[in-house]
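Trainee: Quick one: sequence and predicted model below, then my questions.
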Amino acid sequence: MTAQALAQVLASGLLMGLIYALIAVGLSLIFGLMDVVNFAHGEFLMLAMYATFGLVVLTHLDPIVLMPVVVALLFVLGGCAYLGVVRFAMRAKANQGMVQIFATFGLAILLQGAAQYAFGTDYRNVPGSWLGGRTLDAGGVFLPWPQIFGAVVSLAAFGGLHLLMSRTDFGRALEATREDQGAVALVGIDRNRVFALGWGLGAALVGLAGAVLAVFYYIHPQVGASFALIAYVTVALGGFGSVGGALVAGIVVGLVEAFTAVILPPAMKSVGVYALYLAVVFVRPQGLFGRL
């Protein structure tokens, strides 16, 4: 492999890795807050992509301009998912963990079926984006502008999330609830309100990722499933509940996937990712930055 080819693989893996991290961080945030795995995470991503497509068709604005609207819509969806489904699953008297799993899995099936009924099974793409089809030539290393933009958005989102968690009352309430759900009520924190806002924030983050992906990826009802699988591996690799772990693991997943695509046929590019995850599970079951 030449130096230029190596640089191309590294750059491509890094850009996609940052986008994978953005997809996964909302999932990690919700698990860290409530110890609940959202199996509808991929469907939230799919709905964000469809929302971006629909808003572009309706308004004829660029998806970059419409990203705040998509984020707001997914924030509402996440809050409603908690209030309408997860809150009741958490009240189960027995097998609470299994009830939560099946509740979010059922929500995923419902959302995917609704999308297939409403939009059909055709593949769609966002027309006429400012960044669509454009590349940056960096000394013979070709970088697609949509992926560059997505990587920048991901870094900005992680920076904003860090500031939110460390500098605001809401962030401190989230951290306190993560540490001890029972004790926060003693200091006047409404646990259900924090959970609802936490689900809204997690969904808003994956909504941002969906708006980014819609610029350069085909949209269809099953699109969330493949990215959700990568998100689960990313979160487990970085450590469930670790926001920083999601960032590092996303980059690792992107790089491993890019190098695997060079060694093996591109259709098998995920093999290296899953092999790495299995190796980490045997050595460090809690993930790179997780705690048991």
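Mentor: Now that the structure is in, tell me what you want to look at. Numbers count the residues shown, from 1 in each chain.

Trainee: Every contact and neighbour count from this point should use C-alpha atoms.
Mentor: Noted.

Trainee: nearest residue to residue 154 other than its sequence neighbours?
Mentor: residue 22 (5.4 Å; Cα to Cα, 6 or more residues apart in numbering).

Trainee: Name the residues of the helix or strand where residue 18 lies that are buried.
Mentor: If you go by DSSP states H and E, residue 18 is part of helix 3-34. Neighbour-count burial for helix 3-34, counted by 16 or more other Cα atoms under 10 Å, picks out 8-34.

Trainee: again, but for stretch 223-231
Mentor: 223-225, 227-228, 230-231.

Trainee: can you list the residues you listed in JSON lines and add distance to residue 259?
Mentor: Compiled in JSON lines, the buried residues of stretch 223-231 are given as follows (distance: Cα to Cα, whole Å):
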{"residue": "223", "distance to residue 259": "23"}
{"residue": "224", "distance to residue 259": "23"}
{"residue": "225", "distance to residue 259": "23"}
{"residue": "227", "distance to residue 259": "18"}
{"residue": "228", "distance to residue 259": "21"}
{"residue": "230", "distance to residue 259": "16"}
{"residue": "231", "distance to residue 259": "19"}
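
Trainee: Residue 172: what's it in contact with?
Mentor: Counting by Cα atoms under 8 Å, 6 or more residues apart in numbering, residue 172 touches 165-166.

Trainee: residue contacts, residue 249?
Mentor: Applying Cα under 8 Å, 6+ apart, the residues contacting residue 249 are 21, 234-235, 237-238.

Trainee: quick revisit: contact partners of the following helix or strand past the helix holding residue 18?
Mentor: For helix 3-34, the following helix or strand on the C-terminal side (DSSP H and E) is helix 41-59. The contact list for helix 41-59, computed with Cα under 8 Å, 6+ apart, reads 23, 27, 61-63, 66-67, 70-71, 74, 108, 111-112, 115, 125-127, 203, 206-211, 213-214, 219-228.

Trainee: that older thread, I figured the residue nearest to residue 154 hits residue 156, correct?
Mentor: No: using Cα atoms under 8 Å, residue 22 makes no contact with residue 156, being 10.0 Å away.

Trainee: got the buried residues for stretch 209-226?
Mentor: Here stretch 209-226 shows 209-217, 219-225 as buried, counting by 16+ other Cα under 10 Å.

Trainee: Of all pairs in those residues, which one is the farthest apart?
Mentor: Greatest spacing in the buried residues of stretch 209-226, by Cα to Cα: 215 and 225 (18.3 Å).

Trainee: Which strands or helices does the helix holding residue 18 pack on?
Mentor: strand 141-144, helix 145-167, helix 169-179, helix 191-213, helix 223-238, helix 243-263 (3 or more Cα pairs under 8 Å, 6 or more residues apart in numbering; DSSP states H and E).

Trainee: Can you tell me which of these is most buried?
Mentor: Mean neighbour count (mean count of other Cα atoms under 10 Å) peaks for helix 191-213 among these, with a mean of 25.

Trainee: pull the helix or strand with minimum mean pLDDT from this protein.
Mentor: Ranking every helix and strand in the chain by mean pLDDT, DSSP states H and E puts helix 169-179 at the bottom, with a mean of 83.

Trainee: between it and helix 191-213, how many degrees?
Mentor: 110 degrees (axes from the mean of the first three to the mean of the last three Cα atoms, to 10 degrees).

Trainee: Run the chain-centre distance for helix 169-179.
Mentor: Chain-centre distance of helix 169-179: 21 Å, with Cα atoms, centre = their mean, to the nearest Å.

Trainee: Put the alpha carbons of that helix into PDB.
Mentor: What follows is helix 169-179, C-alpha atoms only, in PDB (Å, rounded to 0.1, in the frame of the first residue of the first chain):
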ATOM      1  CA  ASP A 169     -27.900  22.800  35.900                       C
ATOM      2  CA  PHE A 170     -29.600  20.300  33.500                       C
ATOM      3  CA  GLY A 171     -26.300  18.600  32.900                       C
ATOM      4  CA  ARG A 172     -25.600  18.400  36.600                       C
ATOM      5  CA  ALA A 173     -29.100  17.000  37.100                       C
ATOM      6  CA  LEU A 174     -28.400  14.300  34.500                       C
ATOM      7  CA  GLU A 175     -25.100  13.400  36.100                       C
ATOM      8  CA  ALA A 176     -26.700  13.200  39.600                       C
ATOM      9  CA  THR A 177     -29.500  11.000  38.200                       C
ATOM     10  CA  ARG A 178     -27.000   8.700  36.600                       C
ATOM     11  CA  GLU A 179     -25.100   8.300  39.900                       C
END
